[in-house]
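Peer 1: What follows is a predicted structure for the sequence shown.
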Amino acid sequence: KTYKIGVIVGSLRKESFNLKTAKALIELAPKSLALELVDISGLPMYNEDLEEDTPKEWVALRKEIKAVDGLLFLTPEYNRSVTGVLKNALDVGSRPYGKGVWSGKPGAIVSVSIGAIGGFGANHHLRQSLVFVNVPTMAQPEAYIGGAADLFDAKGKLTNDSTRDFLKTYMEAFEKWVITNAQN
Ligand code: FNR
């Protein structure tokens, strides 16, 4: 069986280290995981009033998330928390109340930062929201990727062997997590 995994990157930057890490994870993933990047760049800011005539971008995101078996989040850290763009995507997918599309999908979080703490604050703030939207989030191994500016070459390829080994192990653990917790 193949499991569809939505990969959600919380940075809109072309040269995003989170995006580069996401691409490395996609390459390193076990064969049973079919990973696809979810585009969250064009989502209007969440406003309950808009549900009367739901923006097409929200409809598309909700549809895309409903169709996946699991979720892999790559989060930058902005001011010790997640980015607004990532939080907005979570909010959009969580409504209307009781119909949230995240619910029950096994997830995992990789935080990536140029700093030494590896986005720990963002990683754990994201866990807090994922508890509420009912995403069973893998506890171990944890992934805090620090010093990200030194991990990639000019083409965006991972150059650090120990990081590559770690990310491979991480994806193997995530595969087990998905197999154990996927709903269908
Ligand atoms: C940052 N950055 C940052 N880094 C960190 O480790 N902790 C933090 O709290 C912050 N805060 C922060 C706020 C804002 C507004 C910006 C723009 C940046 C630096 C951040 O790690 C760096 O910009 C990364 O490159 C962002 O991830 P991407 O875009 O490379 O994926």
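Peer 2: Great, that's in hand. Model, not experiment: these values are computed from the prediction.
Peer 1: Only C-alpha atoms from now on, for both contacts and neighbour counts.
Peer 2: Will do.
Peer 1: The spatially most central residue of the chain is in what secondary structure piece?
Peer 2: In the chain, the residue lying closest to the centroid (C-alpha atoms, centre = their mean) is residue 73, at 1.3 Å. Element membership for residue 73 (DSSP states H and E) is strand 70-75.
Peer 1: so what's residue 143 bridging to?
Peer 2: Per DSSP bridges, the residues bridged to residue 143 are residue 110.
Peer 1: tell me the contacts of residue 102?
Peer 2: The neighbourhood of residue 102, defined by C-alpha atoms under 8 Å, 6 or more residues apart in numbering, consists of 65, 66, 93, 94, 133, 134, 135.
Peer 1: burial measure for the second one, as a count.
Peer 2: When counting by other C-alpha atoms under 10 Å, one arrives at 17 neighbours for residue 66.
Peer 1: Okay, the residue lying farthest from the centre of the chain and residue 58: tell me how far apart.
Peer 2: In the chain, counting by C-alpha atoms, centre = their mean, residue 52 sits farthest out from the average C-alpha position, at 28.4 Å. In this view, residue 52 and residue 58 are 12 Å apart by C-alpha to C-alpha, to the nearest Å.
Peer 1: With residue 181 instead?
Peer 2: Counting by C-alpha to C-alpha - residue 181 and residue 58 are separated by 26 Å.
Peer 1: Of the two, give the one with the bigger neighbour count.
Peer 2: Between residue 181 and residue 58, residue 58 has the larger neighbour count (other C-alpha under 10 Å), namely 21 against 18.
Peer 1: still on that earlier bit, just the ones in helices from the contacts of residue 102, please.
Peer 2: Of the contacts of residue 102, the ones assigned to helices by DSSP state H are 65, 66, 93.
Peer 1: Test for you: state the pLDDT assigned to the first one.
Peer 2: So that's residue 65. For residue 65, the pLDDT comes out at 98.
Peer 1: So what's the residue count around the closest residue to it other than its chain neighbours?
Peer 2: The spatial neighbour of residue 65 that comes closest, neighbours along the chain excluded (C-alpha to C-alpha, 6 or more residues apart in numbering), is residue 101 at 6.2 Å. Residues contacting residue 101 under the criterion other C-alpha under 10 Å number 24.
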